[in-house]
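> Show me how the following folds:
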Amino acid sequence: MKLGVFLQAQWDLTDAETDIENGLAALVRQAELADELGYDSAWVPQHYVSAPYASIQPGPLLGLLAAHTRRLRLGTGVYLLPFTRPVVVAEEMASLDWITGGRLIFGAGMGYRREEFEAIGVPMTERVGRFVEALSLIRQLWAQNHVNYHGQYYTAANVTISLKPKQASGPPVWIGGSVAAAVRRAARIGDVWVSSMNPSFEELRALLGEFDAARDGLPPAPERPTMRECYIGQTLESAVSDVRDILYAKYRTYQSWGVASSQSKVEDRTGFEALMQTKFLVGDEHTVAERLRWLRDELGIDHVIARVRWPGLSEEQALESMRRLTHIAARL
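Modelled structure (predicted):
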């Protein structure tokens with residue numbers, strides 16, 4: 001099973017101890033360790049107007065990580081495509097593909113926060129159409145010269161971008177989304193569908209069924225990944241104790257933002273502990289190994305992208321989870 005690491009490139013500016021320079025250095029150390037341990041991929045998110053949380057944009061951050069890694073694939077997880085003109089995205093991602101030495105994965109999504117759409121001036125009702133058109137145009141711009149495109153939202157007249165990607169025809173396109181319609185769309189127009197951390201394991205089973213049905217008749221997806229919150233402690237009890245309150249606060253915040261990619265609701269802390277067992281990789285090595293084996297054998301998952309650090313968890317605890325995860329994967 002391939003392993004990836006999801007890097008938390010966001011910091012709380014209301015916390016007096018927040019130090020963005022140290023935070024960036026910690027992300028570099030995480031990526032370097034992933035490269036050293038044989039992880040396959042590292043991923044960075046994108047958000048706009050997220051104050052009081054400071055968000056580093058993925059393009060500059062991936063450029064930084066490229067300089068500190070050698071074999072690790074680097075992905076946008078996910079790039080919010082409706083907010084940027086397709087020619088700009090095509091040029092920036094082609095540049096990143098060269099900067100990373102052809103290691104870029106273009107992860108793309110539509111966005112879900114109304115605040116972002118309002119601030120950027122894109123109607124939220126247009127997000128599906130803009131996403132589909134932009135992705136189609138970007139792929140043409142990566143692969144062809146003198147592109148002509150006439151859509152509802154975007155046009156191109158005899159456009160050739162200044163630099164084609166290093167990878168032939170462009171980086172692989174991984175599409176995010178955690179509702180059935182988005183998963184079916186990813187099957188039709190993407191190379192890979194990647195789930196967020198939010199769906200439970202059983203919800204993931206149902207969504208993969210949607211993907212497989214929509215993919216029928218098309219080439220098989222080259223990978224079958226999922227993103228998961230992950231923390232591995234000495235014992236199951238200590239692992240849950242270490243991160244229960246941290247993850248509870250995080251998922252209460254997600255819920256307040258209107259994230260509706262899971263049927264499970266975050267209520268009180270007692271109920272949340274049971275909820276953790278249905279969707280996260282939190283526990284001792286034996287517990288996490290059993291869940292990884294289930295994901296592989298039951299759902300066909302072959303690439304687990306683990307987020308191992310959140311505000312409130314030390315860097316060393318996160319790095320130790322990464323080390324333990326490699327031990328587990330080696331024994332599966």
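
> Go ahead and flag the most central residue of the protein.
Nearest to the geometric centre of the chain sits Gly77, at 3.1 Å (C-alpha atoms, centre = their mean).

> where along the stretch 101-250 of the chain do the helices fall?
With DSSP state H, counting those that start in this stretch, the ranges of helices along the stretch 101-250 of the chain come out as 114-120, 127-143, 180-189, 201-215, 236-256.

> mean confidence score for the last one?
Same thing as helix 236-256. Computed over helix 236-256, the mean pLDDT rounds to 87.

> and the next element down the chain from it?
Sequence-wise, the next helix or strand downstream of helix 236-256 (DSSP states H and E) is helix 269-279.

> pLDDT weak spots in the chain?
256-265 (pLDDT under 70).

> Burial check on the closest residue to Lys279 other than its chain neighbours, number of neighbours?
Once flanking residues are discounted, Lys279 sits nearest to Ser200: 4.4 Å by C-beta to C-beta, 6 or more residues apart in numbering. The C-beta positions use only the backbone N, C-alpha and C, and glycine is treated the same way. Neighbours of Ser200 under the rule other C-beta atoms under 10 Å: 16.

> Quick check: phi and psi on Ser200?
Backbone geometry at Ser200, expressed as degrees, to the nearest 10, gives phi -70, psi 170.

> wouldn't the residue nearest to the centre of the chain be in contact with Pro45 here?
Yes. The criterion here is C-beta atoms under 8 Å, and Gly77 meets it with Pro45 at 5.7 Å.

> Show me the common contact partners of those two, please.
Both Gly77 and Pro45 are in contact with 6, 58, where contact means C-beta atoms under 8 Å, 6 or more residues apart in numbering.

> Which of the three states applies to Arg70?
Recorded secondary structure, Arg70: coil (DSSP: H, G, I helix; E, B strand; the rest coil).

> Equivalent analysis for Gly23, please.
Criterion first, three-state DSSP; result for Gly23: helix.

> Tell me the spacing between it and Pro58.
15 Å (C-beta to C-beta, to the nearest Å).

> list the contacts for Thr84?
Going by C-beta under 8 Å, 6+ apart, Thr84 touches Ala134.

> again, 10 Å this time
Under the criterion of C-beta atoms under 10 Å, 6 or more residues apart in numbering, the neighbours of Thr84 are 46, 90, 92, 120, 122, 130, 134.

> For these, give me CSV that also has neighbour count.
Below are the contacts of Thr84 laid out as CSV (neighbours: other C-beta atoms under 10 Å):
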residue, neighbour count
Gln46, 25
Ala90, 28
Glu92, 14
Ile120, 14
Val122, 18
Arg130, 22
Ala134, 23
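
> on that earlier part again, quick one, phi/psi of the closest residue to the residue nearest to the centre of the chain other than its chain neighbours?
The shortest distance from Gly77 to any non-neighbouring residue, by C-beta to C-beta, 6+ apart, is to Trp43 (3.4 Å). Backbone geometry at Trp43, expressed as degrees, to the nearest 10, gives phi -130, psi 140.

> Isn't Trp43 up against Pro58?
Yes. Trp43 is within contact range of Pro58, at 9.0 Å (criterion: C-beta atoms under 10 Å).

> which residues do the two both contact?
7, 9, 74-78, 107.

> Just the ones of those in strands?
74-76, 107 (DSSP state E).

> Reformat the residues you listed as CSV; add neighbour count.
Conversion of those to CSV gives the following (neighbours: other C-beta under 10 Å):
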residue, neighbour count
Leu74, 27
Gly75, 27
Thr76, 28
Gly107, 29
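
> Now the two most distant members of those residues.
Leu74 and Gly107 (10.2 Å; C-beta to C-beta).

> how about the nearest residue to Ile232 once chain neighbours are set aside, what does it touch?
Excluding the flanking residues, the one nearest Ile232 by C-beta to C-beta, 6+ apart is Arg324, at 4.1 Å. For Arg324, the contact set (C-beta under 10 Å, 6+ apart) comprises 230-234, 284-285, 288-289, 308.
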